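*Asks:* Just need the structure, nothing else, for what follows:
(2 chains)
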Amino acid sequence: MSNRRYTQSHEWIRLEGNTGYVGISDHAQKEVTDVVYVEMAKIGKTLKAGEEATTLESVKAAFSIYAPVSGTIAKANNALEGDPGLINKSPYESGWIYALDVADSTEFNALMTEEQYAEFLKSGAAAHH
Amino acid sequence: MTVSIPLRRSPLHEMHVRAGAKFIDFGGWELPVQYTSIMDEHQATRQAAGIFDISHMGQVIIEGPGAFEFIQKLMTGDLQRTLDKGLGVYGHMCLPTGGVIDDIFVYGLKESKRYFMVVNGATHEKDIAWLRKNVTSGVTISDLEGRAGFAIQGPKALEIIEETIAGIAELPKFAFQQIRGGAPNDTFWGCRTGYTGEEGAEFFGPVRTILTLWKQLMENGHVLGLKPCGLGARDTLRLEVGYPLYGHELTEERTSLEANLEWAIKWQKGDFIGRAALENQKKGGLKEQLLAYELTDRGVPRQGTKIYKDGQFGGLTTSGTFSPSLQKGIGLAYAPLSWNNAGTILEVDVHNKRVPAKVVALPFYKKQKGTLS
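*Replies:* Okay, the predicted model is just below:
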């Protein structure tokens, strides 16, 4: 079982110390398909959980990427500028989108575990967000 | 209370489900948007071949002694071409205002005075109502039911067709044949037309015939790279070559001239509904016209994206996407006529940021010339 937690809007977050790495789930990358641009998240921007951190564009449409928890953006994955398809090829590893300094780790613990997220997808509640 | 209208499904729906397709609502039809990915399917069609379900398109037979004059009166294209040269004719059905009711293809059989008309799915019922409203004596209109259709497109398409179906691959572009076969006592139409800028053909016929042909083509074609493709790739492919999509570039509020499709109006053919309005508009000069632009920086325009020049608002994008072949954002938009010169610098509003763009001549994508290898 991974130590990732998930949002209902299909972001995942993984903690390394106080730093939370954020990306989109495998389910989400399949829905989004063929990512062509990722706007680099602005370092130093402070967000509340649920606020838009950045956007990505696929052939199909533009999608907002929200902050799973409150915090301050610490890093953006610059590799996505040259190869945005990393999000499709490796959504959980090299396709991470940005990292943030997590303000309150209890917010992290309140997110869905991988099992809960799998249930959420099966329930059909995930079809629209 | 919400009223939900059930989506219509293609008769090939079950086959698409088994192939792992994802579906979207397209003008009241539930159709595959993609099977694997839009990008993969786009590249397959540009480099090998793609097969597309187009069963949502309406298939209409118009026949009788008055059929020729009837259709001539209703479209901007010249039906004489189908009789003289055996080619399908593209044109617009217009309102008296010159606004476009639909864009259509008509294929005619000289001897039998029978004409086969293919119309858009989303406008099918409206088109039939328009045809019936204008019908004259000696004309029978049959809106065919229980039909299906597909397009097979790409540099390998003709080779795959040739292996599978007789009498089509050797036809010139825009030519067509009515063919007996597929299933006992069935006939189907094979037309050297398409919507991708690639070689290929479109087939229309009874459901079981079309299913048989699709399966046979897939069986013979998959080694050459033939892939089933959804509406996602169909849209990026048609936009790269600048083909209009009804409901986007073509509407009842815009004329063929404004859509920059004067080539689809055959002025020498005589009268047709909308002609007087179009002549007046041509004489008076256009205020606005559809232009094509590509972004010179990162970003993807979409339908509704606003375009500007020197800070002045010009109009809205009717279709926009990321071009998989050019690897940049491209769009079509209505704007002041004077803006429509290749090289004109624009700004495009993408997520509230002004991204630089320039006006280009269509098509966005030109087929690479073959190399000897």
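
*Asks:* dump the residue contacts of residue 76.
*Replies:* Because you didn't say which chain, this covers chain A. By C-beta atoms under 8 Å, 6 or more residues apart in numbering or on different chains, A:A76 lies in contact with A:M40, A:A41, A:K42, A:I43, A:T54, A:I97, A:Y98. C-beta: built from backbone N, CA, C; applies to glycine.

*Asks:* my question was about chain B
*Replies:* B:G91, B:H92, B:C94, B:S256, B:A264, B:I265, B:K266, B:F272, B:G274, B:L278.

*Asks:* Make sure it is indeed in a helix.
*Replies:* No. Counting by DSSP: H, G, I helix; E, B strand; the rest coil, B:T76 is located in no helix; its state is coil.

*Asks:* Starting from B:N134, give me the distance back to it.
*Replies:* 15 Å (C-beta to C-beta, to the nearest Å).

*Asks:* repeat for A:P68
*Replies:* Separation of A:P68 from B:N134 (C-beta to C-beta): 59 Å.

*Asks:* same deal with B:F174?
*Replies:* 26 Å.

*Asks:* Check A:T33 too.
*Replies:* For A:T33 relative to B:N134 (C-beta to C-beta), the value is 43 Å.

*Asks:* what about those two, which has more around it?
*Replies:* Neighbours were counted for A:T33 and for B:N134 using other C-beta atoms under 10 Å in any protein chain shown; A:T33 has more, 21 against 14.

*Asks:* Please look at that one and B:S37 and confirm they touch.
*Replies:* Yes. A:T33 lies in contact with B:S37 (C-beta atoms under 8 Å); the separation is 5.1 Å.

*Asks:* quick one, what contacts the residue in the stretch 151-300 of chain B positioned nearest to chain A?
*Replies:* Among all residues of the stretch 151-300 of chain B, B:V300 sits closest to chain A, at 4.4 Å; criterion: C-beta to the nearest C-beta. By C-beta under 8 Å, 6+ apart, the contact list for B:V300 reads A:V36, A:Y37, A:E57, A:A62, B:G320, B:T321, B:F322, B:G329, B:V350.

*Asks:* and the stretch 101-250 of chain B, which of its residues are near chain A?
*Replies:* B:G232, B:T236 (C-beta under 8 Å from any C-beta of the partner chain).

*Asks:* now the helices for the stretch 101-250 of chain B?
*Replies:* B:124-134, B:157-164, B:207-221, B:231-240 (DSSP state H, counting those that start in this stretch).

*Asks:* Please apply the same query to the stretch 251-373 of chain B.
*Replies:* B:275-284.

*Asks:* quick one: low-confidence parts of it?
*Replies:* Within the stretch 251-373 of chain B, the segments meeting pLDDT under 70 span B:369-373.

*Asks:* For it, what lies in contact range of chain A?
*Replies:* Contact residues (C-beta under 8 Å from any C-beta) of the stretch 251-373 of chain B with chain A: B:R298, B:G299, B:V300, B:R302, B:T321, B:F322, B:P324, B:H351.

*Asks:* if we go to 7 Å?
*Replies:* The stretch 251-373 of chain B comes close to chain A at residues B:R298, B:G299, B:V300, B:T321, B:F322, B:P324, B:H351, as judged by C-beta under 7 Å from any C-beta of the partner chain.

*Asks:* Out of those residues, which end up buried?
*Replies:* B:R298, B:G299, B:V300, B:T321, B:F322, B:P324 (16 or more other C-beta atoms under 10 Å in any protein chain shown).

*Asks:* looking at it, the fourth one is touching B:L239, isn't it?
*Replies:* To tie it back to what came earlier, the one meant is B:T321. Yes. Judged on C-beta atoms under 7 Å, B:T321 makes contact with B:L239 at a distance of 5.5 Å.

*Asks:* Name the residues contacting each of the two.
*Replies:* B:I330 (C-beta atoms under 7 Å, 6 or more residues apart in numbering or on different chains).

*Asks:* re the thing from before, so which of the contacts of B:V300 is the closest to A:N78?
*Replies:* A:Y37 (13.4 Å; C-beta to C-beta).

*Asks:* Tell me if the longest helix along chain A is near chain B.
*Replies:* Criterion DSSP state H: the longest helix present in chain A is helix A:114-123. No. Helix A:114-123 is not in contact with chain B by C-beta under 7 Å from any C-beta; minimum separation 14.7 Å.

*Asks:* Output that helix as PDB - backbone C-alpha positions only.
*Replies:* Taking Å, rounded to 0.1, in the frame of the first residue of the first chain, the C-alpha atoms of helix A:114-123 are listed here in PDB:
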ATOM      1  CA  GLU A 114      -5.400   4.500  -1.700                       C
ATOM      2  CA  GLU A 115      -8.000   2.000  -0.600                       C
ATOM      3  CA  GLN A 116     -10.600   4.600   0.000                       C
ATOM      4  CA  TYR A 117      -9.800   6.300  -3.300                       C
ATOM      5  CA  ALA A 118     -10.300   3.000  -5.100                       C
ATOM      6  CA  GLU A 119     -13.700   2.600  -3.500                       C
ATOM      7  CA  PHE A 120     -14.500   6.200  -4.400                       C
ATOM      8  CA  LEU A 121     -13.700   5.500  -8.000                       C
ATOM      9  CA  LYS A 122     -15.800   2.300  -8.000                       C
ATOM     10  CA  SER A 123     -18.800   4.100  -6.400                       C
END
